[in-house]
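A.B. asks: Need coordinates for the below:
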Amino acid sequence: MREQLKTTILLGLLTGLLLYLGKVLGGNAGIVIALIVAGFMNFISYWLSDKIVLSMYGARPISYEEAPTLHEIVYELSRRAGIPKPPIYLIPMDQPNAFATGRGPGHSAVAVTRGLLELLDEEEVRGVLAHEIAHIKNRDVLISSVVATIAGAISMVINFLQWALIFGFGRSDEEESPLSFVGDLLLIIITPILATLIQLAISRSREYLADETGAKLCRCPLALARALEKIEEYVSSIPARVNPATSHLFIQNPLKGEGILELLSTHPPTHKRIERLKELARRL
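C.D. replies: Numbering: from 1, shown residues only. Now for the predicted structure:
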């Protein structure tokens, strides 16, 4: 409930940032056009996300005959989540990791890497799959698409303002002054940073929520905690060729070995996720 509220507040802030740009610039028509363009781009991504990402990583379907236990786990977790059982894919990658993709229940897939199945025991795999099914249940792809649309519109408006300042159009003679120029410059610098920080904060919030929902689905928060701890250790030592644009999909940031600031990460720190899961285990 806490993470749902946090997501709502952050999404409201992001929307407010876009509306503030419209008020400051007086370009409400430009805001609408930017929203339409960004919305169209993200709609295509949202509608075809499962096919695009699975193809990107050379994933192949895992048949029931090949891994009956894996299929039974996914079926059981999906039933508890109240969603149709998604197909399971195998990614030929040594780094232990997993992700869910697709536009929602009935149109999604769960993918696990070869390294994940080799590293984790059955209970830990169940915890990871529960986390990914929680993403599907919580419609996180839809939420991330909405967030990306608003952030994309903000980026387009800022780019327009940037070119307007360079070529000196967009403001009347009365409005042009050193003070207004400085204000526009600050708007160009600060607004995209705020939008990015809010977007990343929403991503981290959805990870916390997927941890909590998944732990309740598998009924063993400590198994998911152990899995996250093992994955964290191996992600740092086993590099993976991953498109940075898709790194937020994975249960653990596959590019963690490159080192990024916590504030600029799509995932919460693993030790904080584990602490929350241990607290949840005590409550349950």
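A.B. asks: Excluding covalently adjacent residues, which one is nearest to Pro84?
C.D. replies: Gly106 (4.8 Å; Cβ to Cβ, 6 or more residues apart in numbering). Yep, even glycine has a C-beta here, placed from its N, CA and C like the rest.
A.B. asks: That neighbour should be in a strand, yeah?
C.D. replies: No: under DSSP: H, G, I helix; E, B strand; the rest coil, Gly106 sits outside any strand and is assigned coil.
A.B. asks: Moving C-terminal from the strand or helix carrying Ile193, which element do we reach first?
C.D. replies: Using DSSP states H and E, Ile193 falls within helix 178-218. As assigned by DSSP H and E, the chain's next helix or strand after helix 178-218 is helix 221-237.
A.B. asks: That following helix - contacts with which helices or strands?
C.D. replies: Here helix 221-237 touches helix 114-119, helix 122-137, helix 178-218, helix 270-283, going by 3 or more Cβ pairs under 8 Å, 6 or more residues apart in numbering; DSSP states H and E.
A.B. asks: ok and that helix relative to helix 122-137, angle-wise?
C.D. replies: 90 degrees (axes from the mean of the first three to the mean of the last three Cα atoms, to 10 degrees).
A.B. asks: Now helix 221-237 - C-alpha only, CSV.
C.D. replies: Provided in CSV are the C-alpha atoms of helix 221-237 (Å, rounded to 0.1, in the frame of the first residue of the first chain):
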residue,chain,number,x,y,z
PRO,A,221,10.1,-13.9,1.7
LEU,A,222,13.4,-15.3,2.9
ALA,A,223,13.7,-17.4,-0.3
LEU,A,224,13.5,-14.3,-2.4
ALA,A,225,15.9,-12.5,0.0
ARG,A,226,18.4,-15.4,-0.5
ALA,A,227,18.0,-15.2,-4.2
LEU,A,228,18.6,-11.5,-4.4
GLU,A,229,21.7,-11.9,-2.3
LYS,A,230,23.1,-14.6,-4.6
ILE,A,231,22.2,-12.7,-7.7
GLU,A,232,23.8,-9.5,-6.4
GLU,A,233,27.1,-11.3,-5.8
TYR,A,234,27.2,-12.9,-9.2
VAL,A,235,26.0,-9.8,-11.2
SER,A,236,29.1,-8.0,-10.0
SER,A,237,31.4,-10.7,-11.2
